[in-house]
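# Quick one: sequence and predicted model below, then my questions.
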Amino acid sequence: MDKHLFKNLSGKYRNAYRDYYTGQNLAAVRVGSIIFLILNVIIRALYFIFPISLTRAENFPEFDMANWVFIGSAFVFYIISNFLIEDLKKKQKATAIMSLFVFAFSLYLIMCGMFSSFISTGNPSNALTLYLIALVVISILCIFEYYETIILLISVELLFTSMLIHAHADPTEMVYNQLISIILLGGFYWISRYFFSYKAHFWMQMNEIKEKNLEIERGSEFKSQLLGTVAHDLRNPIAAVETLAMMMEMDAVDANTQDTLNLMKASCIRARTIIDDLLESARNDNSGEFITVKTDLNELIRQNIEIWKIQKEAKNTIELVSSINPAYAQINYEKFTRVLDNLIGNALKFSKENSKIEVFLNKRNQNIIIEIKDRGLGIPKEMLPIIFTPFSKAGRTGLKGEQSTGLGLSIVKQIIEKHNGKIEVESEVGIGSTFRITLPVDSD
């Protein structure tokens, strides 16, 4: 943290920080004036509650008059601070009048402490306690530029000297009190500049974070626009190539040509999958609307398994093992189907043909647990911490050469978290993997 003991904040943040701390100062003046007003009203009430024989008010006519002045002045400071705060909100710009007002309140509060102590005790040494308290309060509540702090110190010192002269302090007593005053003012300067530096550092960090977040939001919007353009511009050519390959298959072709056509179709499917994954990732990052309905997970999982068996020609055995029926949860059908597709697809991708894939469905406490278990290659331990990170090195080629975009499991995690659930994985190389989804039960 930079220490601004004898300098102002420099660079692009200087004026913006001044606008910020002026608002904070005005708010501090408003609160301080209210507290000061309440304290003096309480003191005034004590004049009426307790008898004169106890308060001896007749011995302190200056204090009686000062109390009325304090009440009136505190009320005026409160009214003006409200007005200036509203003016700052409208203009979003600090003015010299606002800074002068805060300066005047700080000097006034210190003067009130001194004056009250002098007229109540008549001993300059006893005035140092309230003097110290006032300095500490002002140094913490209000933020000043270094030259403002120096001017305030000089003003306070002159005020204290005039009080000593008014109290008819002897020369020795005046010298000792002046030395103590200088020490207190030095401490005030250091505390004031430290809080200035600390608050400036904190404020700059917050602004840098806001700027970075704004850049991230802009980058995210640009990414979505770019992905939309990619989807629009690439899907049609890819579909045209795939259609052309299918039309060529309708004619009699030799084995080499058929292999070429199969490669074309596989490449088209691969490209379409990449585009779909990129778009899905963008939608999960930026979509504000996520609609769910009460769904029986038994039926949803069973339908997904049937699709894999029939449409996707899975040669492995895929089995649902459910211990609860029905098993209701709030589900977004389209998104959660993608979760099941991805996890079952990965299980098939990394399992040998004819090995069993099991989907377990059970209930634990107030959660539904879905486990997709395979007996395939397994995941190395060093990959487990990054397996749900997009574009990580955890993406691997399947047993039949299937490529990975590195986005599938990150999309799965995003979707499950939007369902207020979580996903975990347990895996051992050569034994297989188990992906465990935890979802809240819909008890309605």
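Sure thing, it's come through. All of these numbers come straight from a predicted model, not from anything done at the bench.
# rest of the way, CA atoms for contacts and neighbours
Noted.
# Next one: Phe196 from Ser99, what distance?
Separation of Phe196 from Ser99 (Cα to Cα, to the nearest Å): 15 Å.
# more crowded one of the two?
Regarding Phe196 and Ser99, a neighbour count based on other Cα atoms under 10 Å identifies Phe196 as having more, with 24 against 20.
# Show the average pLDDT along the lengthiest helix in the chain.
When secondary structure is assigned using DSSP state H, the longest helix within the chain turns out to be helix 171-249. Taken as a whole, helix 171-249 has an average pLDDT of 80.
# and if you look at stretch 78-96?
Within the predicted structure, the mean pLDDT of stretch 78-96 is 90.
# One more: stretch 255-275?
If you average the pLDDT over stretch 255-275, you get 78.
# That stretch: which residues count as buried?
Leu261, Asn262, Met264, Lys265, Cys268, Arg270, Ala271, Arg272, Ile274, Ile275 (16 or more other Cα atoms under 10 Å).
# export the residues you listed to JSON lines and tack on distance to Asp374?
Formatted as JSON lines, the entries for the buried residues of stretch 255-275 read as follows, by distance: Cα to Cα, whole Å:
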{"residue": "Leu261", "distance to Asp374": "32"}
{"residue": "Asn262", "distance to Asp374": "29"}
{"residue": "Met264", "distance to Asp374": "31"}
{"residue": "Lys265", "distance to Asp374": "28"}
{"residue": "Cys268", "distance to Asp374": "28"}
{"residue": "Arg270", "distance to Asp374": "24"}
{"residue": "Ala271", "distance to Asp374": "27"}
{"residue": "Arg272", "distance to Asp374": "26"}
{"residue": "Ile274", "distance to Asp374": "24"}
{"residue": "Ile275", "distance to Asp374": "27"}
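# Looking at those residues, which are in helices?
Counting by DSSP H, the buried residues of stretch 255-275 place Leu261, Asn262, Met264, Lys265, Cys268, Arg270, Ala271, Arg272, Ile274, Ile275 in helices.
# can you pull the contacts of the fifth one?
Contact criterion Cα atoms under 8 Å, 6 or more residues apart in numbering gives Ile238, Ala239, Val241, Glu242 as the residues in contact with Cys268.
# Show the buried residues in the residues you listed.
Going by neighbour count (16+ other Cα under 10 Å), the contacts of Cys268 have Ile238, Val241, Glu242 buried.
# which stretches of the chain form helices?
14-49, 52-55, 61-91, 96-121, 127-141, 146-166, 171-249, 255-286, 297-310, 333-349, 408-418.
# how about the ones you listed, which one is nearest Asn365?
helix 297-310 (16.9 Å; Cα to Cα).
# now what about the closest one, what contacts it?
Counting contacts by Cα under 8 Å, 6+ apart, the residues outside helix 297-310 that touch it are 314-315, 318-320, 322, 325-329, 337, 340-341, 361.
# top of those residues by neighbour count?
When neighbours are counted as other Cα under 10 Å, the busiest of those turns out to be Ile318, with 24 neighbours.
# Does Lys93 touch Asp19 like I think?
Yes - taking contacts as Cα atoms under 8 Å, Lys93 lies within contact range of Asp19: 5.7 Å.
# so Glu428 touches Pro380, yeah?
Yes - taking contact to mean Cα under 8 Å, the distance of 6.9 Å between Glu428 and Pro380 places them in contact.
# which one of these two has more residues nearby?
Just comparing Glu428 and Pro380: by other Cα under 10 Å the higher neighbour count belongs to Glu428, 15 against 12.
# Against Leu348, how distant is the closest residue to that one other than its chain neighbours?
Distances taken as Cα to Cα, 6 or more residues apart in numbering place Gly378 nearest to Glu428, at 5.1 Å, with adjacent residues excluded. When Cα to Cα is applied, the distance between Gly378 and Leu348 equals 12 Å.
# So for those two, which sits in the more crowded spot?
For Gly378 against Leu348, the residue with the higher neighbour count under other Cα under 10 Å is Leu348, and the figures read 26 against 19.
# if I look at that one, how far off is Thr229?
32 Å.
# cool, and Glu145?
Counting by Cα to Cα - Glu145 and Thr229 are separated by 52 Å.
# again with Ile344
Using Cα to Cα, one obtains 30 Å as the distance from Ile344 to Thr229.
# Pick out whichever of these two has more residues nearby.
When neighbours are counted by other Cα under 10 Å, Ile344 comes out ahead of the other of Ile344 and Thr229, with 22 against 12.
# okay, that one: pLDDT?
In this model, Ile344 is scored at 88, pLDDT.
# partner residues bridging the nearest residue to it once chain neighbours are set aside?
Nearest residue to Ile344 in three dimensions, chain neighbours excluded: Ile372, at 7.0 Å (Cα to Cα, 6+ apart). When bridges are called by DSSP bridges, Ile372 pairs up with Val359, Phe435.
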